[in-house]
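Peer 1: sequence plus the predicted model coming up.
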Amino acid sequence: MKQYRDRGDPLAGADVVLVGLFSGNEKQYPVLLDELASLAEARGARVVARFVQRRGASDQRRHRPGGASRMSRPYSRRMLLSHGKVREIAEACREAEVTAAVFVNVLTPRQRKVLTELLGCLVFTRDELT
């Protein structure tokens with residue numbers, strides 16, 4: 001993991017990615033990510049990427065239900081997101097030498113531990129930035 005410039009606040013001077021799992025019905029997710037970016041930047045972080053996973057978005061053209069019955073559940077109890085999305089974020093974190101990932105969503109202690117190991121950086125949630 002990358003070392004911090006300021007040991008008092010791990011986000012000060014850190015390169016971070018923003019991550020969120022949103023319902024397909026949530027139309028304001030870019031605004032939520034902008035608010036999260038503002039919170040991170042107020043702590044001295046620099047946002048280098050944003051990742052969004054949508055859940056329950058229906059395929060209107062083929063009339064398939066896009067998982068609406070499972071919208072309130074995470075893709076994975078271990079990671080919150082799908083395996084492919086976690087791989088995509090981990091690769092971006094390695095390439096950009098990201099210090100931390102900041103999630104819009106609340107994470108369980110197990111999810112935080114697993115994501116920290118898989119992403120190779122610290123993991124924070126929105127609640128910790130306020």
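Peer 2: In hand now; what should we look at?

Peer 1: list phi and psi for the residue most central in space within the chain.
Peer 2: By C-alpha atoms, centre = their mean, the chain has its centre lying nearest to Val19, at 1.9 Å. Backbone torsions of Val19, given as degrees, to the nearest 10, read phi -140, psi 140.

Peer 1: swap in Arg43?
Peer 2: Phi and psi for Arg43, reported as degrees, to the nearest 10, are phi -90, psi 0.

Peer 1: for it, which non-adjacent residue is closest in space?
Peer 2: Leu11 (4.2 Å; C-beta to C-beta, 6 or more residues apart in numbering). All C-beta spots, glycine's among them, are computed from the backbone N, C-alpha and C.

Peer 1: got it, and Leu81?
Peer 2: Of all residues not flanking Leu81 in the chain, Gln53 sits nearest, at 5.0 Å (C-beta to C-beta, 6+ apart).

Peer 1: look up how far Arg46 lies from that neighbour.
Peer 2: Distance, Gln53 to Arg46, by C-beta to C-beta, to the nearest Å: 23 Å.

Peer 1: and the residue nearest to Arg43, what pLDDT?
Peer 2: On pLDDT, Leu11 comes in at 93.

Peer 1: which SS state does it fall under?
Peer 2: At Leu11 the chain is in coil, as set by DSSP: H, G, I helix; E, B strand; the rest coil.

Peer 1: now for the residue nearest to Leu81: which residues touch it?
Peer 2: Contacts for Gln53 (C-beta atoms under 8 Å, 6 or more residues apart in numbering) come out as Val19, Gly20, Leu21, Phe22, Tyr75, Leu81, Ser82, Lys85.

Peer 1: would a markdown table of the residues you listed with pLDDT, secondary structure and distance to Ser38 be doable?
Peer 2: Shown next, in a markdown table, are those (pLDDT from 0 to 100; DSSP: H, G, I helix; E, B strand; the rest coil; distance: C-beta to C-beta, whole Å):
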| residue | pLDDT | secondary structure | distance to Ser38 |
| --- | --- | --- | --- |
| Val19 | 98 | strand | 16 |
| Gly20 | 96 | strand | 14 |
| Leu21 | 93 | strand | 20 |
| Phe22 | 91 | strand | 18 |
| Tyr75 | 71 | coil | 27 |
| Leu81 | 91 | coil | 23 |
| Ser82 | 89 | coil | 27 |
| Lys85 | 94 | helix | 24 |
